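[1] Attaching a predicted model along with its sequence, questions to come.
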Amino acid sequence: MKIYTRKGDEGSTGLFGGATVSKADPRVEAYGLVDEANAVLGWARTAGPPPRVDEVLQQVQQTCFAAGAWLASGPGADPGIQAITAGDVEALELAIDRLEEGLPPLKHFVLPGGGEAGARLHVARTVTRRAERAVVALAAVDDVPAPILAWLNRLSDLLFVAARAANADAGVDETVWAPRTS
């Protein structure tokens, strides 16, 4: 099978289910940004986060791919894989709770950064937030399974905590935001 088809040369692409849409369609933007978030997660994993973080990220990447497949499906189309469920959202919440154990409680905003893994996880968090905004925009004009929205929202929370955990495990202090007072 060839990797190129030439079918998109005129600015359109096919969805699961057979529909053809513009590459500027909100659905394409949404699943494209979920794909970007997944790629950034892979990049974050190459920085060698602690095993307890990497294990979660590997599962998140699998679910991210599934979310993208559902978003790439036209209304009423089924990509033939398990849908994102409330159970997937719960799994992220449990992972957040586990990663937060032993972290100092947040009393101030912290600046993104830290060690290499922590900084990359902060980038993944912001890309995930952008993907979430695109999915919200899509949901305003087309059908989006509700658990995908909740899952993306929780994923960015997880990535914030994962960055904190990666920095803590690496012995890197967080930098507290010091707002200007005048």
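    That came in fine, so what should we check first?

[2] What are the buried residues along the helix or strand harbouring residue 117?
    Using DSSP states H and E, residue 117 sits within helix 116-139. Going by neighbour count (16 or more other Cβ atoms under 10 Å), the buried part of helix 116-139 is 116-125, 127-129, 131-132, 134-135, 138-139. C-betas here are computed from N, CA, C, even on glycine.

[3] now do stretch 153-160
    153, 154, 155, 156, 158, 159, 160.

[4] Is it correct that residue 14 is in contact with residue 7?
    Yes: the criterion here is Cβ atoms under 8 Å, and residue 14 meets it with residue 7 at 6.9 Å.

[5] These two: who's more crowded?
    residue 14 (14 against 10; other Cβ atoms under 10 Å).

[6] Quick check: the gap between the more buried one and residue 22.
    Per Cβ to Cβ, to the nearest Å, residue 14 is found 12 Å from residue 22.

[7] Could you do residue 143 as well?
    18 Å.

[8] Who are the contact partners of the spatially most central residue of the chain?
    Central residue of the chain (Cα atoms, centre = their mean): residue 128, 4.0 Å from the mean position. Listed by Cβ atoms under 8 Å, 6 or more residues apart in numbering, the contact partners of residue 128 are 37, 152, 155, 156, 159.

[9] Let's see that with 10 Å instead.
    Taking Cβ atoms under 10 Å, 6 or more residues apart in numbering, we find residue 128 in contact with 33-34, 36-38, 40-41, 60, 64, 152-160.

[10] do residue 140 as well
    With Cβ under 10 Å, 6+ apart, residue 140 has these contacts: residue 26.
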